[in-house]
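J.: make a model of this:
(chains A and B, ligands or ions: 2)
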Amino acid sequence: MATLTLENVAQTYNPGEDPDRWALKPLELTLESGRTYALVGPSGCGKTTLLNILSGLVTPSHGRVTFDGVDVTSTPTRLRNIAQVFQFPVIYRSMTVRDNLAFPLECRGWPRSRIEERVRAVAEALGLADGLDVPASRLSADEKQLISLGRGLVRDDVAAVLMDEPLTVIDPQLKLSLRRKIRQLSDEFAPTVIYVTHDQYEAMTFAQELLVMSEGRLIQRGTPEQLFESPSSTFVGWFVGSPSMNFLRGTLERGAARVGEHLIDLAWSPPVPHGSEVTVGIRPEYIRIVDGGSHPGDASETSVHGRLVAVQDHGESRVCEIQVREQQVAVKVRREVHVPKVGSFVDLGLPRSKCLPYVEGRLATCGD
Amino acid sequence: MSVVAQSLTSWVDGEAHLDDVTLTLEPGRIHTVLGRTGAGKTSLLRVLAGLSDVDSGDVLLDGRSLREVPPWRRETAMVYQQFINYPHLTALENVMFPLRRAKVPAAEAQRRAKEALEQVGLTHLSDRRPGALSGGQQQRVAIARALARRARILLLDEPLVNLDFKLREQLREELRGLFSGVGETVVVYTTTEPAEALMLGDEVIVMHEGRVAQVGSPAVIFETPATTAVARVVNDPPMNVIPGTLQGEHVAVRGLDLLPRASHLAGFADGPYLVGIPAPSLTFGTGPGVLATITFVEISGSETFVHVDLQGTELVVRAEGIHDVSTGDRVSMTVDPSRLFLFTEDGTLAAAPPHGRS
Ligand SMILES: Nc1ncnc2c1ncn2[C@@H]1O[C@H](COP(=O)(O)OP(=O)(O)OP(=O)(O)O)[C@@H](O)[C@H]1O
Ligand SMILES: [Mg+2]
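T.: Ligands and ions are numbered 1, 2, ... in the order given. Next up, the predicted model:
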């Protein structure tokens, strides 16, 4: 296992292209040994490009790649000592499950007994221990992908395991159990894993740390909780969580955000002049619909007035769309909470500690 | 003007894909069909479209049997999981294609195609070929093609399943608006996701193992699931269903302490039942409660699903927000007894909590 670094790495597929349009803009990145990372972001943001630079399938047009301090920028894939898992299963149909798992180890000249032991451990973790002698050609598509995953994780001497959308072709019902197995395998064998997916849920379930990308840039890295609680930009607030974070545009006034007649208290005051534009970011689950009975005037909460325009039934929760002046706010409430009729006016409680200040699309720094 | 499915039964290799399915589908309403993979959703749509035969039963349109009517004369349009667009045609041409094949005059076909593209918000991309469109845009072209047909029956088979989640979220909302303008069309929409079925459907049809398990409004399905199978499929994560007994003042559930018997469970005879414990009725923490071990943590959107082992019983807890808990952690569990469901041992609903009924 290795620590991987990208030093000022960038990639353009069209030499001479305007740097603003490069598939990957200059990037500094360190990925620690033994951790699991997920690369997420909208289609075309550069996830596969970044992964391919790590694997050596793409030689970056700029910068240096190192594995444990050794420069591998122009080292071909087969000499990088990495394992890869792709969207579609890569297995030998004519071999048994056992031989498929053993093959990468035989290629590296491992002794028989060690291969035997390792294959058994991986097969057990994958729940395949009983079918080791089955020919791979007889497996279902999902089982084949499971073998590919096993082949990716069977070597414990790799620098890293790189996976590009490994569960995309899997039946939704089976995804959960596969996610669980990949997670267990990586917990048990602790390789360095970099996992590309367009599925936020999968990424958050699987990885210790997420790298959120957009338009060739790394926007934020962090644990799922960090991305959820303090997105560094409005993009991350939108991308992570469902429904997305709300953003209310306003201007800074006495350390708070002026939105029409409301003065919304912020978690902290952004270091910008009075009258500057400031956007309040708050997640739908942190907003309360204040009903007639309860007392609205809590000091830790700003009360905001709006009109309920739509309610969506999600089962356990309801998502209420509330029009505040010309802006829309989504509020997520548990089913047992009373929701007034569509069309009626409601008061919302916005807890101060959950109202994050964004300036020019970025989370403002905390002054003190 | 309705479509009636009458005792549809279809066997394939000794397995019932559809088992005595009877439904009335009304125009102007969205019927969502919710069920796990293999529950018979696609089979049902294919039979309605005339693409598959049945062993017995019939489909009636305005009281007339469609049995002898071939698919191309059924006035049905279908949107598939794997959206299909012709790569060499522009978005507009793709939408016009079936109209032209049905001998709609060119000018009329173009007018209708443009209107449909506008409905799905793609007017500005009408001249693009599929290769130059994102997945979500391509799926909208496929939906526009179905809309332009002005079919009387619009069938959508998990149309969002292969899209990435932010697109899915956005299209789901758009579809709701789109379907509200379909007037005289019967809309049938299949999905495996409970939130999607509840959110889009005027009426939800739950299928399980080829049968219709329950039909009703989203609130009825969610709040009073007729069977344990419905209770599981309509909740995400699925409802925990565990054998237990009613004993005087208490409910005894394996693994959990004796729980107080809430008022909605009064009036039932003591004895064995299946107890439904909704994942959100469970909470975990560090305070008093029964100790459990976390076996897996899943994050779904803005919720954390925590799977635990409670002295040999597997349970799943749903917590709002994203929590930093890990496999192997020991937590104490508590359950809200006022939110328990009660099913008879054969899985039929006996009592549902009154909580939060709409
Ligand atoms: N071989 C290539 N030649 C030219 N352009 C390319 C090539 N591969 C990728 N690109 C472009 O580089 C950008 C990033 O692509 P990349 O495949 O890395 O995105 P991604 O994040 O993996 O997207 P997806 O989620 O759709 O797989 C895109 O604009 C893409 O069109
Ligand atoms: Mg990719």
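J.: return the helix or strand in chain A with minimum mean pLDDT.
T.: When the helices and strands of chain A are scored by mean pLDDT, DSSP states H and E, helix A:172-189 comes last with a mean of 78.
J.: what is the neighbour count of the closest residue in space to A:Leu57 that isn't next to it in sequence?
T.: Of all residues not flanking A:Leu57 in the chain, A:Thr77 sits nearest, at 6.0 Å (C-beta to C-beta, 6 or more residues apart in numbering or on different chains). For every residue, glycine as well, the C-beta is placed using N, CA and C. Residues near A:Thr77, counting by other C-beta atoms under 10 Å in any protein chain shown, number 16.
J.: same check, this time on A:Asp291
T.: Neighbours of A:Asp291 using other C-beta under 10 Å come to 13.
J.: surely it and A:Val339 touch.
T.: No. Counting by C-beta atoms under 8 Å, A:Asp291 does not reach A:Val339; the two are 9.3 Å apart.
J.: quick check: neighbours shared by these two?
T.: Common neighbours of A:Asp291 and A:Val339 are not found (criterion: C-beta atoms under 8 Å, 6 or more residues apart in numbering or on different chains).
J.: so which residue of the stretch 1-150 of chain B comes closest to chain A?
T.: B:Thr37 (4.7 Å; C-beta to the nearest C-beta).
J.: show me what contacts A:Tyr92?
T.: By C-beta under 8 Å, 6+ apart, the contact set of A:Tyr92 is A:99-100, A:103, A:136.
J.: do the same with A:Phe103
T.: By C-beta under 8 Å, 6+ apart, the contact set of A:Phe103 is A:92, A:95, A:151.
J.: surely the first one is in a strand?
T.: No. Counting by DSSP: H, G, I helix; E, B strand; the rest coil, A:Tyr92 falls outside a strand, being coil.
J.: give me the pLDDT value at it.
T.: With respect to pLDDT, A:Tyr92 scores 88.
J.: next, find the distance separating it from chain B.
T.: For A:Tyr92, the distance to chain B equals 28 Å [C-beta to the nearest C-beta, to the nearest Å].
J.: same check, this time on the second one
T.: Distance of A:Met95 to chain B, computed by C-beta to the nearest C-beta: 29 Å.
J.: look up how far A:Val70 lies from that residue.
T.: Applying C-beta to C-beta, to the nearest Å, the value for A:Met95 to A:Val70 is 33 Å.
J.: okay, the two: which has more neighbours?
T.: Using other C-beta under 10 Å as the criterion, A:Met95 and A:Val70 rank with A:Met95 on top: 16 against 10.
J.: quick one on the thing from earlier: mind putting the contacts of A:Tyr92 in TSV, pLDDT, distance to B:Thr191 and secondary structure included?
T.: TSV is the format used below for the contacts of A:Tyr92 (pLDDT from 0 to 100; distance: C-beta to C-beta, whole Å; DSSP: H, G, I helix; E, B strand; the rest coil):
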residue	pLDDT	distance to B:Thr191	secondary structure
A:Asp99	93	40	helix
A:Asn100	92	35	helix
A:Phe103	91	40	helix
A:Ala136	90	33	helix
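J.: looking at those, spot the one nearest A:Ala299.
T.: Compare each of these with A:Ala299 using C-beta to C-beta and the shortest gap goes to A:Asn100, at 63.9 Å.
J.: okay, now the domains of the chain?
T.: No chain specified, so I'll use chain A. Using automatic domain parsing, the domain ranges for chain A come out as A:4-238, A:246-363.
J.: wait, chain B was what I had in mind.
T.: Taken from automatic domain parsing, chain B resolves into B:3-234, B:240-351.
J.: run the chain-centre distance for the helix or strand of chain B with the lowest mean pLDDT.
T.: Least confident element among the helices and strands of chain B, by mean pLDDT, DSSP H and E: helix B:165-179 (a mean of 84). Here helix B:165-179 shows a centroid-to-chain-centroid distance of 15 Å under the convention C-alpha atoms, centre = their mean, to the nearest Å.
J.: likewise for stretch A:326-340?
T.: Distance, centroid of stretch A:326-340 to centroid of chain: 26 Å (C-alpha atoms, centre = their mean).
J.: check which residues of it are buried.
T.: Residues A:327, A:329-333, A:335, A:339 are the ones in stretch A:326-340 that count as buried (16 or more other C-beta atoms under 10 Å in any protein chain shown).
J.: next, give me the two most distant ones among those.
T.: Greatest spatial distance among the buried residues of stretch A:326-340 (C-beta to C-beta): A:Gln327 and A:Arg335, at 25.9 Å.
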